[in-house]
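Q: give the three-dimensional model of this entry:
(2 chains)
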Number of protein chains: 2
Amino acid sequence: MIKVEKAKKPGYTIIIGCGRLGANLANALSDENDNILIMDTSKDSFKRLSSGFGGLQVVADGTDFDALEDAMISKASAVIAVTNNDNTNIMIAQIAKYKYNVERVIARLYDPEREYVYKEFGIDTICPALLSAQEIDKLLDINEQLK
Amino acid sequence: MIKVEKAKKPGYTIIIGCGRLGANLANALSDENDNILIMDTSKDSFKRLSSGFGGLQVVADGTDFDALEDAMISKASAVIAVTNNDNTNIMIAQIAKYKYNVERVIARLYDPEREYVYKEFGIDTICPALLSAQEIDKLLDINEQLK
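A: Below is the predicted model:
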């Protein structure tokens, strides 16, 4: 397997939703020198960003086409929908994928039942409850093996 | 390093909180034939358990000593606190660890700022926002390397 050096991304990442996950992700990607635009309907939510966050902050609704076009969504290499509402995230992901042909689209879904549906549509989903359950299972297994 | 076969656990696991994470975890551990007791203040929350769930369901408050003793907490090999309230989870984790000497204690914390504090107290914490951010970062990296 050929190991490719991680090159600087030419495009940029749009994150919709600046809750704990959105803010954490924006801070982490900003630290890696990615170009980031983060959008949220509440200005207060941007308080979660670190002082070193170097991206753009936009107060707007991520399901609004005008707002997405102002954010130059068609130039984005990735769109990540992590609002607190599964339906909103799915709607944004579908708009990004099919209307603006964004290459990489990731949506957070709280409801694990729906995770599998969207894989087929080329939308990556992450489910915090499943990830957390896997992590706890791993912690329990480690303990078991140490005995 | 010696690889130990995963043996059947003699003890059992108490899960406090039957939200998405608690229910997912209970279903997964029950599928692995672990002995499980799951506790929640709301009877309705148990609807999230799968029909094949083979553990005990108890309607009680996980911060109540009597309820924990009825659940034979001192016999538990692991206590996992995954209610929707960080303070409740931390309180349960500390009770389990220091009052009942439970070997393995895991608490979910929504607030990632607090995660590092409790590691020092022998309480494992998991933070869904951090796990999800790591997973998204991984997904973006995979995409980058495929180009």
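Q: and the lengthiest helix in chain A, which residues are buried?
A: Looking across chain A with DSSP state H, the single longest helix is helix A:128-146. For helix A:128-146, a neighbour-count test (16 or more other Cβ atoms under 10 Å in any protein chain shown) marks A:128-136, A:139-140, A:143-144 as buried. For every residue, glycine as well, the C-beta is placed using N, CA and C.
Q: show residues contacting that helix.
A: With Cβ atoms under 8 Å, 6 or more residues apart in numbering or on different chains as the test, helix A:128-146 has contacts from A:21, A:108, A:110, A:112, A:115, B:3-4, B:6-7, B:9, B:13, B:19-21, B:24-25, B:28-29, B:78, B:80, B:82, B:103-104, B:106, B:108, B:124, B:126, B:128-129, B:131-132, B:135.
Q: how far off centre is it?
A: 23 Å (Cα atoms, centre = their mean, to the nearest Å).
Q: is it fair to say residue A:92 lies in a strand?
A: No - applying DSSP: H, G, I helix; E, B strand; the rest coil, one finds residue A:92 to be helix, outside a strand.
Q: contact partners for the closest residue to it other than its chain neighbours?
A: Of all residues not flanking residue A:92 in the chain, residue A:81 sits nearest, at 4.1 Å (Cβ to Cβ, 6 or more residues apart in numbering or on different chains). The contact partners of residue A:81, by Cβ under 8 Å, 6+ apart, come to A:16-17, A:62, A:88-90, A:92-93, A:96, A:105-108.
Q: any chance of those residues in a markdown table with distance to residue B:37, neighbour count and secondary structure as columns?
A: Output for these, formatted as a markdown table (distance: Cβ to Cβ, whole Å; neighbours: other Cβ atoms under 10 Å in any protein chain shown; DSSP: H, G, I helix; E, B strand; the rest coil):
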| residue | distance to residue B:37 | neighbour count | secondary structure |
| --- | --- | --- | --- |
| A:16 | 40 | 30 | strand |
| A:17 | 36 | 26 | coil |
| A:62 | 41 | 26 | coil |
| A:88 | 36 | 19 | helix |
| A:89 | 34 | 26 | helix |
| A:90 | 35 | 20 | helix |
| A:92 | 40 | 28 | helix |
| A:93 | 38 | 26 | helix |
| A:96 | 43 | 28 | helix |
| A:105 | 40 | 25 | strand |
| A:106 | 36 | 25 | strand |
| A:107 | 34 | 28 | strand |
| A:108 | 30 | 29 | strand |
